[in-house]
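J.: Would you be able to build a 3D model of this:
(chains A, B, C and D)
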Number of protein chains: 2
Amino acid sequence: MHPHTSPRSGTGAAVTLEMVAARAGVGRQTVSNAINSPELLRPQTLERVRRAIDELGYRPHRAAQALKTRASRLIGYGIRSSSTGVPTPVLDQFLHSLSEAADRAGYRVVLFAVAPGDDGLTSYQQLLDEHGADGFVLSGTDRGDPRQGWLHERGVPYVAFGRTWSGRDVGDWVDVDGAAGTSAAVRHLAGLGHRRIGFLGWPKGSGVGDDRARGWQEAMRELGLPTRGRRVESPDDPERATGAAEKLLDGGATAVVAASDTLALGWYQALRRAGRTPGPEAAVIGFDDSPIAPLLFPSLSSLAQPLDAVGRVCMQLLLERLGDRGRPVRHVLLEPELVLRESA
Amino acid sequence: MHPHTSPRSGTGAAVTLEMVAARAGVGRQTVSNAINSPELLRPQTLERVRRAIDELGYRPHRAAQALKTRASRLIGYGIRSSSTGVPTPVLDQFLHSLSEAADRAGYRVVLFAVAPGDDGLTSYQQLLDEHGADGFVLSGTDRGDPRQGWLHERGVPYVAFGRTWSGRDVGDWVDVDGAAGTSAAVRHLAGLGHRRIGFLGWPKGSGVGDDRARGWQEAMRELGLPTRGRRVESPDDPERATGAAEKLLDGGATAVVAASDTLALGWYQALRRAGRTPGPEAAVIGFDDSPIAPLLFPSLSSLAQPLDAVGRVCMQLLLERLGDRGRPVRHVLLEPELVLRESA
DNA sequence: TTCTGTCATTGGAGCGTTCCAAGACATTAA
DNA sequence: TTAATGTCTTGGAACGCTCCAATGACAGAA
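T.: Numbering: from 1, shown residues only, chains lettered A, B, ... in the order given. Purely as a prediction, here's the structure:
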């Protein structure tokens, strides 16, 4: 920007508003305005102040801003204790786009460990009391998750990645349209000529799983294909999924849509035991496009969650809510993308 | 704690030191001391103040503390832009234990997006200028990574997950002892009776890869086993790894240690083409214990990085350094754990 | 020339905390 | 009784910022 001058040449010497003001020959407040309300300054003054800011490499002290404005410009994201269950493998990319979107708006994501006790609400309480976050992003929301209700009652801005499957639907959320994904998978398989398309799903009762099953069901119905006996269930474990997949195979299914890549592996194994291999004659489409999908032989077609977009939209909704707490609740459903590989 | 009284009964009414002081009938500073230097108070006063704190549910305002003490109690963790390569799949668990350890010490992890340009150093500069972090945790440090040197020059506390493979070794780091892992794998395979144990590695030149190769080499030598012609290379891609694995197979190898689970997949596929399957006659041990390992048929034995411990130790070293910037540099090597499954 | 209104700029005050130097009080020595 | 000593407690000041009300400059109208 200023090739002739090196901003922040010194070590970590703290530059303050006052120093910039002195350099530019203006008052303290004028510098503040140059940053926050530039339209208040005369163009000539603005230019002078901006140059001083650049030359000194000034950046507002976040704690001072936070203290005065009563806003930390920090977004809390609680990660559950590792002891309780497996960590979500998707977290990674989601966190990434989340914090990228936050950065663009001058916010940042702050992580905090959620204590297992008390449903972890005390961790949220604590961050709130400390004024350590202006809002929250939730993920992994289950049925009966108390967090939404709790935050809503207190008027705390938040956005959830994942629908509120249980009763009251308060608050903003962003989710992936699982039904749309499995529908698209069915249509793709039907387009390849398949008619006996099975569904390999999780046991009924989970919001996400039932949603994915519904998409298969609806698409089958629309295409006039029978669904009876074509839907089997298994926990998310390749061994047990193999048994379920064998039932589909015995029933004559030539293609399968699975609720997860792990379940899709059951189809792989069931075929292998029968001396066959996934492909045009025995297609399968998984869900989540996990890292294993491209590594399998043959590689697995799968429905990829648009995690980049989810993170971006989550942050967008949250920032909107921070700007206007009274605005109506918004829900956003994003479509997963069918990533085609050898298995279908 | 206080079953008879409900802390924070009200909504988000901000409780300050002054309010606690009034309630306890003491001066403002006394409450501050009760929290930061309890030994200064008379036990009786301390008790009274503590009760008031509990009753009001008081927590210090972090921004105010930060402003006064010139310490944000925030640890920066930069995530690289997604555009550059795949996100590291291990990040997840690492971040988890990192922020858990931070929480225990009253710190928190703040994420920031690292802009691709300028090697991302401007992102670190910015956070520093804003006083938005007291120190940093780095990961994914490559050869020639400028961050360590840059932070060191400025006297900024940091800890790297990953050795500084290149020249000057300034600053603390924690790493996983890849050589120890592959050595253990070799010894395990030798214990099973294998003599012709190959190594399926990455092309030479990467610090991590060469380290893992070295462990194999050394263990083979110690056991008096020949290594000539038993080491092949491939990029981290299952297709190409298959070709490399076939060379090992042609050379008569009965077991393989792979530098990654992805490479181990090459062995799976090479065997499959030969009508065989991994197991006692054709063992393989991967590295990283990625999510695919337990899902494969047969399941893959692998060396698991102790990411929980890595995160914990990283934070510990960083906190020590924050407490005493002059203390000598520390390096910690943690051993990976051999997770045995069907493939070995 | 004086007045009025508009616009650009300014210093005081305060956000909630901790540092510091000093105050209150009790205890013991002179 | 007074002074000296020590322990415990306290209010003023400051961290760096933004809000607010007020100031000064300056044009046009009276």
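
J.: Buried residues in the strand or helix carrying residue A:48, which are they?
T.: Secondary structure from DSSP states H and E places residue A:48 in helix A:43-56. Buried residues in helix A:43-56, counting neighbours by 16 or more other Cβ atoms under 10 Å in any protein chain shown, are found at A:45, A:46, A:48, A:49, A:50, A:52, A:53, A:55, A:56. In this view, the C-beta of every residue, glycine as well, is placed from N, C-alpha and C.

J.: Hmm, the fifth one is touching residue A:34, no?
T.: Yes. Counting by Cβ atoms under 8 Å, residue A:50 touches residue A:34, with 6.4 Å between them.

J.: got the residues of the stretch 151-300 of chain A near DNA strand C?
T.: In this structure, the stretch 151-300 of chain A does not approach DNA strand C anywhere, judged by Cβ under 7 Å from any atom of the strand.

J.: what does the stretch 151-300 of chain A put close to chain B?
T.: Taking Cβ under 8 Å from any Cβ of the partner chain as the contact definition, the stretch 151-300 of chain A meets chain B at A:154-156, A:238, A:262, A:265, A:268-269, A:272, A:290-292, A:295, A:297.

J.: Secondary structure of residue A:291: a helix, I assume?
T.: No. Assigned with DSSP: H, G, I helix; E, B strand; the rest coil, residue A:291 falls outside any helix and is coil.

J.: Surely it and residue B:292 touch.
T.: Yes. The pair residue A:291 and residue B:292 passes the contact test of Cβ under 8 Å, sitting 6.7 Å apart.

J.: Could you point out which of the buried residues of helix A:43-56 is nearest to residue A:94?
T.: Using Cβ to Cβ, residue A:53 comes nearest to residue A:94 of the buried residues of helix A:43-56, at 34.9 Å.

J.: is it true that that closest one touches residue A:30?
T.: No. Judged on Cβ under 8 Å, residue A:53 makes no contact with residue A:30 at a distance of 11.5 Å.

J.: Now do the helices in chain A.
T.: Under the criterion DSSP state H, helices of chain A are mapped to A:17-24, A:28-36, A:43-56, A:62-69, A:91-104, A:121-129, A:147-153, A:178-191, A:207-222, A:238-250, A:261-273, A:307-323.

J.: Which one of residue A:291 and residue B:292 is surrounded by more residues?
T.: The neighbour count for residue A:291 versus residue B:292, taken as other Cβ atoms under 10 Å in any protein chain shown, is higher for residue B:292 (25 against 18).

J.: any idea how far residue A:334 is from residue A:314?
T.: Here the distance between residue A:334 and residue A:314 works out to 10 Å (Cβ to Cβ, to the nearest Å).

J.: got it, and residue A:28?
T.: Applying Cβ to Cβ, the value for residue A:28 to residue A:314 is 37 Å.

J.: Which one of the two is surrounded by more residues?
T.: Under the criterion of other Cβ under 10 Å, the comparison of residue A:28 against residue A:314 puts residue A:314 first, with 28 against 14.

J.: Look up the pLDDT of the more buried one for me, please.
T.: As predicted, residue A:314 sits at a pLDDT of 97.

J.: Bridged to residue A:139, which residues?
T.: Partner residues in beta bridges with residue A:139: residue A:161, with DSSP bridges as the criterion.

J.: So it sits against residue A:160, correct?
T.: Yes. Using Cβ under 8 Å, residue A:139 makes contact with residue A:160 at a distance of 7.2 Å.

J.: before we move on, the earlier item: out of the buried residues of helix A:43-56, flag the one nearest to chain B.
T.: The shortest distance between chain B and any of the buried residues of helix A:43-56, using Cβ to the nearest Cβ, involves residue A:56 and amounts to 10.2 Å.

J.: I'd like the distance between the residue nearest to that closest one when sequence neighbours are not counted and residue A:53.
T.: Ranked by Cβ to Cβ, 6 or more residues apart in numbering or on different chains and with sequence neighbours excluded, the top spatial neighbour of residue A:56 is residue A:15, at 4.8 Å. Noted for residue A:15: a distance of 9 Å to residue A:53, by Cβ to Cβ.

J.: cool, and residue A:104?
T.: Summarising the geometry, the distance separating residue A:104 from residue A:53, computed by Cβ to Cβ, is 20 Å.

J.: Could you do residue A:255 as well?
T.: Distance of residue A:255 to residue A:53, computed by Cβ to Cβ: 62 Å.

J.: what about residue A:185, neighbour count?
T.: Using other Cβ under 10 Å, the number of residues around residue A:185 comes to 31.

J.: What of the one 4 residues further on?
T.: By other Cβ under 10 Å, the residues close to residue A:189 number 25.

J.: same check, this time on residue A:328
T.: Other residues within reach of residue A:328, judged by other Cβ under 10 Å, total 6.

J.: and if you look at the one 4 residues further on?
T.: Counted with other Cβ under 10 Å, the neighbours of residue A:332 add up to 16.

J.: Over to residue A:325?
T.: The number of residues packed around residue A:325, counting by other Cβ under 10 Å, is 11.

J.: Can you report phi and psi for it?
T.: Comment: the main-chain dihedrals of residue A:325 come out as phi -70, psi -10, following degrees, to the nearest 10.

J.: Go ahead and confirm it touches residue A:155.
T.: Yes. Between residue A:325 and residue A:155 there is a contact under Cβ under 8 Å: 6.9 Å.

J.: Just the endpoints, please. Distance across stretch A:283-296?
T.: One end of stretch A:283-296 to the other measures 14 Å (Cα to Cα, to the nearest Å).

J.: quick one: buried residues of that stretch?
T.: The neighbour-count check on stretch A:283-296 (16+ other Cβ under 10 Å) flags A:283-296 as buried.

J.: residues in contact with residue A:274?
T.: Contacts of residue A:274 were listed using Cβ atoms under 8 Å, 6 or more residues apart in numbering or on different chains, and they are residue A:249.

J.: Around residue A:142, how many other residues sit close by?
T.: Counted with other Cβ under 10 Å, residues neighbouring residue A:142 total 14.

J.: should've said residue A:25
T.: The local packing count at residue A:25 equals 11, with neighbours defined by other Cβ under 10 Å.

J.: Please apply the same query to the one 4 residues further on.
T.: Applying the criterion other Cβ under 10 Å, we find 11 residues in the vicinity of residue A:29.

J.: what about it, distance to chain B?
T.: From residue A:29 over to chain B the distance is 19 Å, taken as Cβ to the nearest Cβ, to the nearest Å.

J.: residue contacts, that residue?
T.: Residue A:29 makes contact with no residue, according to Cβ under 8 Å, 6+ apart.

J.: I'd like the mean pLDDT over stretch A:24-34, please.
T.: Per-residue confidence for stretch A:24-34 averages out to 93 on the pLDDT scale.

J.: quick one: that stretch near DNA strand D?
T.: Yes. Taking Cβ under 7 Å from any atom of the strand as the criterion, stretch A:24-34 and DNA strand D are in contact, through A:28, A:29, A:32.

J.: So residue A:234 is in contact with residue A:244, correct?
T.: Yes. Taking contacts as Cβ under 8 Å, residue A:234 lies within contact range of residue A:244: 3.9 Å.

J.: can you list residues touching both of those two?
T.: Common contacts of residue A:234 and residue A:244 (Cβ under 8 Å, 6+ apart): A:200, A:263, A:266.

J.: Please look at the second one and residue A:198 and confirm they touch.
T.: Which is residue A:263. No. Applying Cβ under 8 Å as the test, residue A:263 and residue A:198 come out as separate, 11.1 Å apart.

J.: More neighbours: the two, which one.
T.: A count of neighbours by other Cβ under 10 Å puts residue A:263 above the other of residue A:263 and residue A:198, at 31 against 28.

J.: can you pull the contacts of the more buried one?
T.: Residues touching residue A:263, when contacts are defined by Cβ under 8 Å, 6+ apart, comprise A:200, A:201, A:202, A:234, A:236, A:238, A:241, A:244, A:245, A:286.

J.: CSV please, covering those residues and showing pLDDT.
T.: Formatted as CSV, the entries for these read as follows, by pLDDT from 0 to 100:
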residue, pLDDT
A:200, 97
A:201, 96
A:202, 96
A:234, 95
A:236, 92
A:238, 86
A:241, 94
A:244, 95
A:245, 96
A:286, 97
